[in-house]
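K.L.:
Below: sequence and its predicted model.
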Amino acid sequence: MPGLLRGVARTAVISGTATAVSNRVSRRQAGRWAQQDYEQQLAQQQAPPPAAAAPQPDADDMTGKIDQLKQLADLKAQGVLSEEEFEAQKRRVLT
């Protein structure tokens, strides 16, 4: 019987220690997240207001870009362009 009680007591101590460590880690992480949120709010308050929106492109210009993107998608689907080449060309068309 003493061996059984010793085993139960040891399990209780280990379990209590694990719970205490887990709670401490959780509190520390919550504090870090709160600090990050606070810093982000400060940065947003200090950031200058966004610049005026860029003028809308012509409908013809947008139609041309859409056509180019469709052609690029077709080339990618056919296996002519790799994923990286497709992304690079897409960025070029959209800028």
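P.N.:
Arrived safely, thanks for sending.

K.L.:
Follow the chain on from the host helix or strand of residue 42 and name the next helix or strand.
P.N.:
Element membership for residue 42, per DSSP states H and E: helix 2-46. Where DSSP H and E defines the elements, the next helix or strand beyond helix 2-46 is helix 59-78.

K.L.:
Now do that next one, average pLDDT.
P.N.:
Mean pLDDT, helix 59-78: 86.

K.L.:
Next, the buried residues of it.
P.N.:
Applying a neighbour-count criterion of 16 or more other CB atoms under 10 Å, one finds 72, 76 buried in helix 59-78. To be clear about C-beta, it is placed using only N, CA and C from the backbone, and glycine gets the same treatment.

K.L.:
Quick check: mean pLDDT of the following helix or strand past it?
P.N.:
Sequence-wise, the next helix or strand downstream of helix 59-78 (DSSP H and E) is helix 83-94. Helix 83-94 carries an average pLDDT of 88.

K.L.:
same question, stretch 6-17
P.N.:
88.

K.L.:
Only C-alpha atoms, please: export it in CSV.
P.N.:
Presented in CSV, the C-alpha positions along stretch 6-17 are these (Å, rounded to 0.1, in the frame of the first residue of the first chain):
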residue,chain,number,x,y,z
ARG,A,6,3.9,7.2,-3.1
GLY,A,7,2.9,6.7,-6.8
VAL,A,8,-0.3,8.7,-6.5
ALA,A,9,1.5,11.5,-4.6
ARG,A,10,4.3,11.6,-7.2
THR,A,11,1.7,11.8,-10.0
ALA,A,12,-0.1,14.6,-8.2
VAL,A,13,3.1,16.6,-7.8
ILE,A,14,4.0,16.2,-11.4
SER,A,15,0.5,17.1,-12.6
GLY,A,16,0.5,20.2,-10.4
THR,A,17,3.9,21.3,-11.6
